[in-house]
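# attaching a predicted model along with its sequence, questions to come.
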Amino acid sequence: MIIKNGKIFLDEPGTFETLDIRVEDGKIVEIGENLHGEDIVDAEGCFVTPGIVEAHSHIGLYEEGIMWEGDDICENEPVTPEMRAIDALFPGDVAFAEALTGGVTTMCTGFGSGGVVAGTAVIVENTGSMVVDDMVLVADAGMKCAFGENPRDFGRKGKQPNTRASVAFMLRECLQKAVDYKAEKAEAEKKGEHFNIDLGMEAMVKVIDGEMPIKAHCHRSDDICTVIRICKEFNVKATLDHCTDGHLIAEHIAKSGYPAIVGPSYGSKSKYELRNKSFDTAAVLVKAGVKVAITTDHNVLPQESLNWQAAMCMRNGLSEADAIRCITCNPADILGIADRKGRLKEGLDADIVIWDKHPLDLQAKPETVYLRGRKVYEK
């Protein structure tokens, strides 16, 4: 297949250029001018981007249109690192099909922010399959942890945590247990002794070994700083999810080296932590040198609205190129899948969206969406 004459987005230098794309066996194999071959797709007058990538979602775990029956995002205990989102994801959630109407081909989805340590997130491709295993790109992509108001709700149930200090302690304790568990397991193996496997600690060892980051729900500036402090103490990777007050401490975040997954920035300031919510945040953080992705936090906002959110951030100071990067290559980089997703580049998966208008035009709609070269949506 050759997609011809479209204005394709190249993240470097961050411009749209009229070029052709050759796709073979689900991969982009060539990008250039005047490419020839069979199976031509004429994209003249259209804009072409990589498939949109969502870095923070609850799609398939908090299903559209139903109540408790489709709510699998929070356990009733504050520390459950043994939980895996892959075991709760429902591919039949109608939100997956709706996401394709916004060009969203890849999502990192997982548990909510009710607990301090909730379990691992999963990265999935929007394949249309009813078999979860056919969708999975990365089975254990990050350990969901939460700070601030939400996990403190356990205090109203007569459980720990009740305070921010308690939230911090419980995460530290979980991380320290993982350090000790790893050492004890290594010692037992060295001596040839039986060792009882703890599934939660096995997951946390992946965190302390740097195999997956902590996905930290944090809105308020002090919570963001606590995430950074604890993760630096244990030398673990982290993403700052929501990062609502990020524009107030942008230099501190930049110095930490941790990326920010900003949003959802649209809607009411429904709780105290959100009083500084602004579409300015992404631009301020990018200017400070932070790697930024934009999130809908589906189903807080519809999964298909990622390009709308990026457009609103551009309206508030984000450049056109960075707005598109924040929903394509940046989330792919942050999620560790840039070797396959997020760019129109030779050797990467042919996840391609052909738009009828500029993708940051609020009137824009995908004409066609391809996932690994297979048409998964057509207007």
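Received it, and whenever you're ready, just let me know what you need. Residues are numbered from 1 along each chain as shown.
# what about the closest residue to G342 other than its chain neighbours, distance to R343?
Among residues not flanking G342 along the chain, A332 sits closest, at 2.6 Å (CB to CB, 6 or more residues apart in numbering). Where C-beta positions appear, they are placed from N, C-alpha and C, glycine not excepted. Spatial separation of A332 from R343 under the definition CB to CB, to the nearest Å is 7 Å.
# what is the three-state secondary structure of the most centrally placed residue in the chain?
Averaging the C-alpha coordinates of the chain gives a centre point, and the residue nearest to it by CA atoms, centre = their mean is A55 (1.1 Å). Classification of A55 by DSSP: H, G, I helix; E, B strand; the rest coil places it in strand.
# got the contact list for it?
Shown here is A55, whose contacts under the criterion CB atoms under 8 Å, 6 or more residues apart in numbering are 108, 239, 241, 261, 293, 295, 331, 334-335.
# and the residue nearest to P366 when sequence neighbours are not counted, what does it touch?
Closest residue to P366 apart from its sequence neighbours, by CB to CB, 6+ apart: G103 at 4.7 Å. When contacts are counted by CB under 8 Å, 6+ apart, G103 is found next to 49, 51-52, 304, 306-307, 353, 355, 359, 366, 369.
# what's the local residue count around K365?
K365 has 15 neighbours, counted by other CB atoms under 10 Å.
# and the gap between the nearest residue to it once chain neighbours are set aside and A311?
If the residues on either side of it in the chain are set aside, K365 comes closest to D356, at 5.5 Å by CB to CB, 6+ apart. When CB to CB is applied, the distance between D356 and A311 equals 15 Å.
# so between these two, which is more surrounded?
More neighbours sit around A311 than around the other of D356 and A311, counting by other CB under 10 Å; the figures are 22 against 16.
# my read: the residue nearest to G342 touches V53, true?
Yes - counting by CB atoms under 8 Å, a contact exists between A332 and V53, whose distance comes to 5.2 Å.
# any residues in contact with both of these two?
With the criterion set as CB under 8 Å, 6+ apart, the overlap between the contacts of A332 and V53 is 106, 341-342.
# mind putting the residues you listed into CSV with secondary structure and distance to A254?
Written out in CSV, the entries for the shared contacts of A332 and V53 read as follows (DSSP: H, G, I helix; E, B strand; the rest coil; distance: CB to CB, whole Å):
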residue, secondary structure, distance to A254
T106, strand, 26
K341, coil, 25
G342, coil, 22
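# just the buried ones from those?
Buried members of the shared contacts of A332 and V53, counted by 16 or more other CB atoms under 10 Å: 106, 341-342.
# of the residues you listed, closest to D245?
If you rank the buried ones among the shared contacts of A332 and V53 by distance to D245 using CB to CB, G342 comes first, at 26.8 Å.
# distance of that closest one relative to R325?
When distances are taken as CB to CB, G342 and R325 turn out to be 9 Å apart.
# intersection of neighbour lists for the two?
Once CB under 8 Å, 6+ apart is applied, the residues that G342 and R325 both contact turn out to be D11.
# for this protein, which segments count as helices?
95-100, 132-135, 164-191, 199-208, 221-233, 250-256, 281-288, 306-315, 320-325, 329-335 (DSSP state H).
# elements contacting the fourth one?
Where contact means 3 or more CB pairs under 8 Å, 6 or more residues apart in numbering; DSSP states H and E, helix 199-208 is packed against strand 117-125, strand 136-146, helix 164-191.
# now that helix, how far from the centre of its chain.
Taking the mean C-alpha point of helix 199-208 and that of its whole chain, the gap between them comes to 20 Å (CA atoms, centre = their mean, to the nearest Å).
# in it, which residues are buried?
In helix 199-208, counting by 16+ other CB under 10 Å, buried: 200-201, 203-208.
# can I get those in CSV with distance to A288 and pLDDT?
As requested, the buried residues of helix 199-208 are exported to CSV (distance: CB to CB, whole Å; pLDDT from 0 to 100):
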residue, distance to A288, pLDDT
G200, 36, 98
M201, 36, 98
A203, 32, 98
M204, 31, 98
V205, 33, 98
K206, 30, 98
V207, 26, 98
I208, 28, 98
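# for E173, state which of those residues is nearest.
Using CB to CB, the shortest approach to E173 within the buried residues of helix 199-208 belongs to M204, at 10.8 Å.
# ok, the closest one - contacts?
In this structure, M204 makes contact with 81, 117, 143, 174-175, 177-178, 181, judged by CB under 8 Å, 6+ apart.
# same thing but 7 Å
81, 143, 174-175, 178 (CB atoms under 7 Å, 6 or more residues apart in numbering).
# who wins for neighbours among these?
Scoring the contacts of M204 on neighbours with other CB under 10 Å, the highest-scoring entry is M143 at 30 neighbours.
# what's the per-residue pLDDT of that residue here?
At M143, the pLDDT value in this model is 98.
# and it, what does it touch?
Under the criterion of CB under 7 Å, 6+ apart, the contact list for M143 reads 81, 117, 120, 203-204, 207, 212, 214-215.
# so can I have JSON lines of the residues you listed showing distance to A254?
Conversion of those to JSON lines gives the following (distance: CB to CB, whole Å):
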{"residue": "P81", "distance to A254": "29"}
{"residue": "V117", "distance to A254": "26"}
{"residue": "T120", "distance to A254": "28"}
{"residue": "A203", "distance to A254": "29"}
{"residue": "M204", "distance to A254": "28"}
{"residue": "V207", "distance to A254": "23"}
{"residue": "M212", "distance to A254": "23"}
{"residue": "I214", "distance to A254": "19"}
{"residue": "K215", "distance to A254": "19"}
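# pretty sure the residue nearest to G342 sits against E54.
No - with contact defined as CB atoms under 7 Å, A332 and E54 do not form a contacting pair (10.6 Å).
# appreciated, that's everything.
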